[in-house]
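>>> Task: produce atomic coordinates for the following.
(chains A and B)
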Amino acid sequence: MKRIAFAAATLAIACAAPVYAQNEQFVPANFYWVGPYAPGGSGFGGGLIDYMQMLNARDGGINGVKLTWEKCETEYNNARGVECYERSKKHPPTGATVIHPLSTGITYSLIDKATADHIPIISMGYGRTSAADGRVFPYVFPLITTYWSQATVMVKFMGQKMGGMDKWKGKKLVLVYHDSAYGKEPIPVLTDMAKEYGYQLTTIAVPHPGNEQQAQWQQIRQIKPDWVILWGWGVMNPTAIKAAAKIGYPRDKIVGVWWSGAEEDVIPAGSAAKGYISAGFNAPGADFPVMKDIKKYVYDKGKGEFEDKSRFGSIYHTRGVVAGIVTAEAIRNAQAKFGKGKPITGEQMRWGIEHLNIDEKRLKELGATGLMPTLKVSCMDHEGSGLVKFQQWDGAKWKVITGWMEPDRKLVRSMVEADAAQYAKEKGITPRDCSKDSL
Amino acid sequence: MLYREAGQFKSTYAEDQQIFPIRQDRIAMLALLVVAFVVVPLTGDQYWFAAILTPFLVLSLATLGLNILTGYAGQLSLGTAAFMAVGAFMAYNAMLRIPHIPIVGAFIIGGLCAAVVGVIFGLPSLRIKGLYLAVATLACQFFVLWAINRIGWLSNYSSSGVITAQRIEIFGYPVDHSEGKYLLTLSIVSVMALLAKNLMRSETGRAFMAVRDMDVAASVIGIPMMKTKLLAFAISSFYCGVAGALYAFCYLGTVEPEAFTLDLSFRILFMMIIGGAGSILGSFLGAAFITLFPIFLNVVSKSLENALGIEISHAIVSNTEAMIFGGLIIFFLIVEPNGLARLWQITKEKLRLWPFPH
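Got it, this is the predicted structure:
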């Protein structure tokens, strides 16, 4: 029965679909251009598409395979995200071979489906942290760095600022978080580290969408914390910064997560945002060679995703470019193994991502030195880097204030493995054997 | 011409009281069921199962639940998504904590827990009515999400509060294909819709409608207020709870509490209003309209773009979609406040006379 249905479906697609060139690689662009989180969605999506457009214009695609994409509006809504995913899955010629959900909620909803459909998910800097254990999550790649790695780096950064990790003893740390799965991600790590370093942790939830935070910051005023971690998203970020200014809490003692550290998060807060610090896994700027190429091959030709040119080189834009680099490099990798100049399938893409190795030399060739950290993915480690930078808003632009900082790998890895093992048990998954190279 | 009941005589009470007294309706219903159970699984593709039909059926069930409470018993509720959340999380817990429980058993437990929550939050309905009751159920919406976020036991102490639905197995066969999930959802929804239809034709259903139309008169003729209202809350929440469990297990797979926000409650309320309050069919029509229409608009705008060869800015397309949708809702409310079900009824009456009206 299934075969008949499949044959009928294939026939239907074959008859209905317009003619597509066979030498194309389809990458779905399921992001969001409307709603409260549009700055993040349009910026990231714009960066990814700009990079692919640049590759098509400069190199004629990847080894002659043109990259194509189709936009689908997810509205940052799980149900719409699933619908877009299902729609992009059957897009010719090979269907979606990789997906960037750009929402922790949608990522969670897609983990099962994508694993069954053999379509790798790249959840770069969001999604399920424990998916870093590639034995249990073969098709999920929280690339570059995860929330838990970031939380450990934040504590380390604050410790350094105070003059050493031993200074944490007796200090107070407050986590102000978006009350969702995303916001709650760092709590277990911060709690564990509190035991190790002896600080006192208070967690304060801000209900979605977070445009009213007076009560929360009054509470912070009473606690008088030494540091505040802001784990916000969208409109919650500038509101938090303004509320902090109102109670007189120093902004340079607030460290934001990387989804709280874009231009869109600080500019609405005006002068109140000066001195505010945030984490990041990509640097802003239009001066990287790869950004200059995008300008030359895309924007100077009158194309490009942004009508507002001032967003060129902003944090979300370069983050999307980093996503583009990672995606394109994985495709290149897979082509090198399975046949150059041919579109690859989801399984081959998975192999390509799992064997990514972007070192300093490759970064230089890509023109992205300093834009992103080096990345080496393996079957065991689907995160691949874990490095985080910190940046400070000087009132006009983000200034990078640290080099790439190492997370507490031992702690994060042990928690990842414990959580992945529990997931495997619940779902009845037998973890893969990483000593065998599997397709 | 085709739709005419002339010559169909009923010689027993049973025939007179059946759900579809007209033969053509019976045939149409049977054909619909055959299409849904046999033709669609044979011909549909995965996109239709996973992205269109399953969410449509699940939301229809939730709308049906709300319709029992609001459309039939007249108790306005804004807590639908909360009851769904209770159903989803409790079905997950049942699967997790009770060994070898069949999936349908877990759905029933989820539904029963939702019914208990529904009864508790239905208590104010004994004192207050209308908009004030809506506000009381709004409290339920916020309380349930708060509780799920705060009580670790409910999400098995998952650090992020997210639950991952367990694998579905029926008689030892794993149901992990979207086609199987569609059939499971369809079976449950069909059975529950039939039950609801019959419930509304029974004494209980008539008591609900009496309470809706005038509660003072209803209590004067001897309908127990407390029992009837709380029963309406319990049955409605049971339906919503099962819908929530299906939403988690058959549709999304992995669910965070934020999937069940007030936004979803409102959407279900719109489905009921557009479909038609106090109609079983209306629940399905409304759910179809609200789930499918944005996707339809989206696809149409995309093909328009392809056909005309121009690129319309994506933000404009998305915003236009929202505007057209909003406009249509207002249009419907003005032109046909009784919903799509009423339009269908009018069509049927016209059809009986067609092509020779008086």
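>>> C-alpha only now, for contacts and for neighbours.
Fine.
>>> just the strands in the stretch 301-439 of chain A please.
A:357-358, A:375-376, A:389-393, A:398-400 (DSSP state E, counting those that start in this stretch).
>>> Of all those strands, which one comes closest to B:Gly118?
Nearest to B:Gly118, of all these, is strand A:389-393, at 48.5 Å by C-alpha to C-alpha.
>>> And the average pLDDT for that closest one is what?
Averaging pLDDT along strand A:389-393 gives 94.
>>> Repeat that for stretch B:275-293.
91.
>>> Report the buried residues of it.
Residues B:275-292 are the ones in stretch B:275-293 that count as buried (16 or more other C-alpha atoms under 10 Å in any protein chain shown).
>>> How about the contacts made by the residue of the stretch 101-250 of chain B found nearest chain A?
Closest residue of the stretch 101-250 of chain B to chain A, C-alpha to the nearest C-alpha: B:Ser160 (4.5 Å). By C-alpha atoms under 8 Å, 6 or more residues apart in numbering or on different chains, the contact list for B:Ser160 reads A:Ser180, A:Ala181, A:Tyr182, A:Gly183, A:Lys184, A:Glu185.
>>> and the last one, what is it in contact with?
Going back to what we said before, that points to A:Glu185. A:Thr129, A:Tyr147, A:Trp148, B:Ser159, B:Ser160.
>>> Then the fifth one?
The neighbours of A:Lys184, taking C-alpha under 8 Å, 6+ apart as the test, are A:Tyr177, A:His178, B:Ser159, B:Ser160, B:Gly161.
>>> so which of those residues is the most crowded?
A:Tyr177 (26 neighbours; other C-alpha atoms under 10 Å in any protein chain shown).
>>> gap between that residue and A:Trp233?
9 Å (C-alpha to C-alpha, to the nearest Å).
>>> Is any residue of stretch A:126-135 near chain B?
No. If you take C-alpha under 8 Å from any C-alpha of the partner chain as the test, stretch A:126-135 misses chain B, and the best it gets is 9.0 Å.
>>> Show me what residue of the stretch 201-350 of chain B gets nearest to chain A.
B:Thr254 (4.9 Å).
>>> what are the ranges of the strands in the stretch 201-350 of chain B?
B:254-255.
>>> Flag every residue of it that's near chain A.
Counting by C-alpha under 8 Å from any C-alpha, the residues of the stretch 201-350 of chain B near chain A are B:Leu252, B:Gly253, B:Thr254, B:Val255, B:Glu256, B:Pro257, B:Glu258, B:Ala259, B:His314, B:Ala315, B:Ser318, B:Asn319.
>>> Would you agree A:Cys84 is in contact with A:Lys71?
No. Assessed by C-alpha atoms under 8 Å, A:Cys84 is found out of contact with A:Lys71, at 9.0 Å.
>>> Just give the number of residues close to B:Asp176.
15.
>>> again but with B:Ala218, I slipped
18.
>>> which ones are touching it?
B:Ala218 touches B:Ala207, B:Ala210, B:Val211, B:Met225, counting by C-alpha under 8 Å, 6+ apart.
>>> just curious, which of those is nearest to B:Ile120?
For those, the nearest to B:Ile120 is B:Met225 (15.5 Å; C-alpha to C-alpha).
>>> hmm, who's touching stretch A:161-173?
Stretch A:161-173 has contacts (C-alpha under 8 Å, 6+ apart) with A:156, A:159, A:197-202, A:224-229.
>>> quick one: buried residues of it?
Residues A:Met165, A:Lys167, A:Trp168, A:Lys172, A:Leu173 are the ones in stretch A:161-173 that count as buried (16+ other C-alpha under 10 Å).
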